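S.K.: I'll drop the sequence and a predicted model, then ask my questions.
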Amino acid sequence: MNELKGGCLCGQVRYTVGEVATTAVCHCPDCQKQTGTSFSVVLAVPRASFNTQGTLSLHTTTGESGGAVARHFCGHCGSPIYSAVDAAPGVLFVKAGTLDDTSALKPQVEFWCDTAQPWLEQRADLPRMPRNPPLG
């Protein structure tokens, strides 16, 4: 796989990703609030394959597991860049909309479908999980 590149809206934060484990659609309420829309498309990536340049701000929430969800974003323009989840150590969830080129994105699974907006059309070709995926 080629290295993926991305960054925030204002360009002060840039990143590269060397490996993607999966691409998912998350319908959880926190992703809805963070993105300001009905879901978030995320790339699950090994922490070691993610490199960032620029200063990120942090907002921490509590996940369903009771562990922290560290949400990293550009403090200048507000673009969400990635989340680090205590329940999934070693994995980062990069906001796919911040990629320079999103044309090759193909979600492989949907999470938190119990809280998906009822007016969204369901994709029959994707596995759908009611809440968090099994981790670990």
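M.R.: On my side now, so go ahead.
S.K.: What count of nearby residues applies to A48?
M.R.: If you count neighbours by other CB atoms under 10 Å, A48 ends up with 10. All C-beta atoms are positioned from the backbone trio N, CA, C, and that covers glycine.
S.K.: helix/strand/coil for it?
M.R.: helix (DSSP: H, G, I helix; E, B strand; the rest coil).
S.K.: can you check the one 3 residues further on too?
M.R.: Assigned with three-state DSSP, N51 falls in the strand class.
S.K.: Was I right to think it contacts Y15?
M.R.: Yes. Using CB atoms under 8 Å, N51 is in contact with Y15, at 6.3 Å.
S.K.: Could you check which of these two is surrounded by more residues?
M.R.: Neighbour count, other CB under 10 Å: between N51 and Y15, Y15 has more, with 24 against 11.
S.K.: was I right about the more buried one contacting L56?
M.R.: No. With contact defined as CB under 8 Å, Y15 does not count as touching L56 (9.5 Å).
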